[in-house]
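K.L.:
Pasted the sequence and its predicted model underneath.
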Amino acid sequence: MTLLSLRWPDGRLSRASVGTAWLEAAQQAGCPIPTGCLGGSCGACEIEVDGEMLRACISCVEGAADATLAINLVSDPYW
C-alpha cells in the first residue's frame, strides 16, 4: 500500500493510500469538498491537484510515494 502526503488549502497535512477516493480522503482530513451531482457532470467538486483539474467525486488519489500533493478547491460562482 502506497501512502501519499496531501497538503490541503488550509495548510493541513494528511496521508492517503493510492486509490482512495478524493471525497473520502478529504473527509478523513477534515477538509470537506463541496458536491453536487456525485456523478462528475456538474463540476461542484472540482479540485486542483498539483495544477491538474479533477472532479473529486469520480477521481482517486494518484501519485508517486515520495510526493506531497497540493490540493486547492476550485471556486465556482454558480455553487
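P.N.:
Looks like it arrived, so ask away.
K.L.:
what ranges do the helices span in the protein?
P.N.:
Listed from the start of the chain, the chain has helices (DSSP state H) covering 22-29.
K.L.:
pLDDT weak spots in it?
P.N.:
76-79 (pLDDT under 70).
K.L.:
Strands of that one, residue ranges please.
P.N.:
Assigned by DSSP state E, the chain shows strands spanning 3-7, 13-17, 46-49, 52-55, 68-73.
K.L.:
How many neighbouring residues does Arg67 have?
P.N.:
To be clear, residue 67 is Ala; Arg isn't right here. Counted with other Cβ atoms under 10 Å, the burial measure for Ala67 works out to 11 neighbours. C-beta: built from backbone N, CA, C; applies to glycine.
K.L.:
next one: Gln27
P.N.:
That count, for Gln27 with other Cβ under 10 Å as the rule, works out to 12.
K.L.:
One more: Leu54?
P.N.:
If you count neighbours by other Cβ under 10 Å, Leu54 ends up with 19.
K.L.:
partner residues bridging it?
P.N.:
Ile47 (DSSP bridges).
K.L.:
still on that earlier bit, closest to Gln28 out of the strands of the chain?
P.N.:
Set against Gln28 and scored by Cβ to Cβ, the strands of the chain come closest in strand 13-17, at 6.6 Å.
K.L.:
about what we covered before: in CSV, list the strands of the chain along with distance to Gly36.
P.N.:
Formatted as CSV, these follow (distance: least, Cβ to Cβ, whole Å):
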stretch, distance to Gly36
strand 3-7, 22
strand 13-17, 23
strand 46-49, 10
strand 52-55, 10
strand 68-73, 14
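K.L.:
out of those strands, which comes closest to Leu38?
P.N.:
strand 52-55 (9.8 Å).
K.L.:
Need the CA coordinates for the closest one. PDB is fine.
P.N.:
Listed in PDB are the C-alpha atoms of strand 52-55, where the atom choice follows Å, rounded to 0.1, in the frame of the first residue of the first chain:
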ATOM      1  CA  GLU A  52      -4.300  19.300 -12.700                       C
ATOM      2  CA  MET A  53      -8.100  19.900 -12.500                       C
ATOM      3  CA  LEU A  54     -10.100  16.800 -11.300                       C
ATOM      4  CA  ARG A  55     -13.700  16.100 -10.400                       C
END
